[in-house]
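# The following comprises the amino acid sequence and a computationally predicted model.
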Amino acid sequence: MKASTRQWLEFAQTDLRSCENNLNDEFVTNVVAFHAQQAVEKAFKALIEEKGIKMSRIHNLTRLYALTESFLMNPINETELEMLDNVYTSSRYPGEIGLLSTGKPSIKESKELFGIAQNIFDILLLSLEAGKKQD
């Protein structure tokens, strides 16, 4: 695995850890949502880096999925990607212009987003490890 791929994965794991450490803090549920999206984005970028795919700056998870789908061991639920995409920038701004029409996510919602992010990270990591064995 390339050093740059490992760096992307480490940054993704940092985001997941940030989520995990704040799951029960109602004050920062929006931060958990943001880091959940970031973890998935960085894990996709690890796979993109490893495969040498050329791309411009993309933050949209659905587009990143489209670039990497052929390398994945398991499919990823696109509805879940859209959920994470919906909290990307908006997780840092008030409800009127962002995250959810009701404002910040609840603890339950932020835990759900973390679970989705962890699952997608695991799929991407498995795909990277499987690709390493095939090379």
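Looks like it came in fine. Predicted model, so just to flag it, every value in this text is computed and none were measured. Numbers count the residues shown, from 1 in each chain.
# Glu26 versus the most centrally placed residue in the chain, what's the distance?
Of all residues in the chain, the one closest to the mean position by Cα atoms, centre = their mean is Val40, 1.5 Å from it. Separation of Val40 from Glu26 (Cβ to Cβ, to the nearest Å): 23 Å. In this view, the C-beta of every residue, glycine as well, is placed from N, C-alpha and C.
# Check the gap between the residue nearest to the centre of the chain and Gly103 for me.
Separation of Val40 from Gly103 (Cβ to Cβ): 23 Å.
# same deal with Leu64?
To Gly103, Leu64 is 27 Å away according to Cβ to Cβ.
# try Asn119
As judged by Cβ to Cβ, Asn119 and Gly103 stand 26 Å apart.
# just Thr5 next, same as before
37 Å.
# now Arg17
Separation of Arg17 from Gly103 (Cβ to Cβ) stands at 25 Å.
# The helix or strand containing Gly131: which residues count as buried?
Taking DSSP states H and E as the definition, one finds Gly131 inside helix 107-134. Of the residues in helix 107-134, 109-114, 116-118, 120-121, 123-125, 127-128, 131 count as buried by neighbour count, 16 or more other Cβ atoms under 10 Å.
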